[in-house]
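1. let me see the structure of the following:
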Amino acid sequence: MVIQENNAATLKLQLSSLKSVLDEVGGYVFTKDLGGCYTFANQLALNLLGLPLEKVIGKTDEHFFDLSTSNELRTNDRRVMDLGEVIEKEEINIVRSTGETRVYWTVKKPLRDAQNKITGMCGISTDITARKQIETEKERLIKNLEQALAEVKHLEGIIPICSYCHNIRDEQGAWNKLETYISQHSMANFSHGVCPPCLDRTLSNSPLNKS
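-> Take a look at the predicted model:
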C-alpha cells in the first residue's frame, strides 16, 4: 500500500514537473486524440485561446478558430494521424474570440502506443508573425527599389557637344538643344531663369543703360 502511494506521489511529481517544463518551453504545445479533440495544451496555448485547460480538453479546433483556419488545421492533423507523417509548415491562425491573425511555424508528429499504433498527435507551434511582417516589408521595399531603378535613365560615356552653341549630337547624328537631349536621356526636367552675371551683362547692354 505504501509502495503504491509512493509511486502515485512520484508520478504526480513527474507530471507536475513535465507540465512546468512545457509551460516554459516558449512555444504553443498541444496534443490531440484521433478524433481531433484536444487532450492537452500548455499555458501559452491556453493564453492564446483565453480559456482554462478544462474548457479546452475534449474540444476540436472548430470551437476556437474560424472555419478556414480549422479546416486547414484538421487537414494537417489528418496527415499526421492517418498517414503517420511528421509535418513542418507554416500555419495561419485566426482566433475566433479576438479575430487576430497570427502566423506560426508548426511541427506535428504522431503519438504511438507500445504496439506502435497511432493514438493521437502532438504539436508545437512557434509564433513567427513579427518575422513574417519584417520579411513582407523587406520584399515590398526591394520591389519598390527595383521599380525605381528600372525607371531611372543614366547618362554615360562621352557626349559630343558643340563648342559654340552647346547643342548635343544624339545617337542618330542629329543635333539637339542641351535641354532636349538631357530630358530624353534622364529623368531631369528644366526650369529657366537668369544667373546674376548674365543678368548684369544683359542690363549693361540694355539700350536704356546706353542712353
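
2. so Ile124 sits in a helix?
-> No: counting by DSSP: H, G, I helix; E, B strand; the rest coil, Ile124 falls outside a helix, being strand.

3. against Asn116, how distant is it?
-> Using C-beta to C-beta, to the nearest Å, we find Ile124 at a distance of 22 Å from Asn116. Backbone N, C-alpha and C define where each C-beta goes, glycine included.

4. pick out the residue closest to the middle of this structure.
-> Lys132 (2.2 Å; C-alpha atoms, centre = their mean).

5. re the thing from before, Ile124 and Asn116 - which one has more neighbours?
-> Legend: neighbour count by other C-beta atoms under 10 Å for Ile124 and Asn116, higher for Ile124 (19 against 8).

6. that one bridge partners, please.
-> In this structure, Ile124 bridges to Val29, Val107 when assessed by DSSP bridges.

7. surely it and Gly27 touch.
-> Yes: Ile124 is within contact range of Gly27, at 4.6 Å (criterion: C-beta atoms under 8 Å).

8. quick one: the strands in this structure, in order.
-> All strands of the chain, identified by DSSP state E, fall at 28-33, 38-41, 87-94, 101-112, 118-127, 168-169, 175-176.

9. so which elements touch the fourth one?
-> What it means is strand 101-112. helix 67-83, strand 87-94, strand 118-127, helix 129-151 (3 or more C-beta pairs under 8 Å, 6 or more residues apart in numbering; DSSP states H and E).

10. returning to that earlier point: please tell me the pLDDT value assigned to the residue nearest to the centre of the chain.
-> On pLDDT, Lys132 comes in at 89.

11. for Thr129, see how far away the nearest residue to it once chain neighbours are set aside is.
-> Once flanking residues are discounted, Lys132 sits nearest to Val103: 4.7 Å by C-beta to C-beta, 6 or more residues apart in numbering. Separation of Val103 from Thr129 (C-beta to C-beta): 5 Å.

12. which one of these two is surrounded by more residues?
-> Just comparing Val103 and Thr129: by other C-beta under 10 Å the higher neighbour count belongs to Val103, 18 against 14.

13. now the more buried one: how far from Ile182?
-> Going from Val103 to Ile182 by C-beta to C-beta gives 48 Å.

14. neighbours of Pro110, how many?
-> Here the number of neighbours of Pro110 (other C-beta under 10 Å) works out to 20.

15. tell me if I'm right that it and Ile87 touch.
-> No: at 10.2 Å, Pro110 and Ile87 do not qualify as touching, with contact defined as C-beta under 8 Å.

16. tell me, what's touching these two both at once?
-> Taking C-beta atoms under 8 Å, 6 or more residues apart in numbering as the criterion, Pro110 and Ile87 both touch Val80.

17. how deep is Val95 tucked in, by neighbour count?
-> 16.

18. who's it bridged to?
-> Per DSSP bridges, residues listed as beta-bridge partners of Val95: Phe65.
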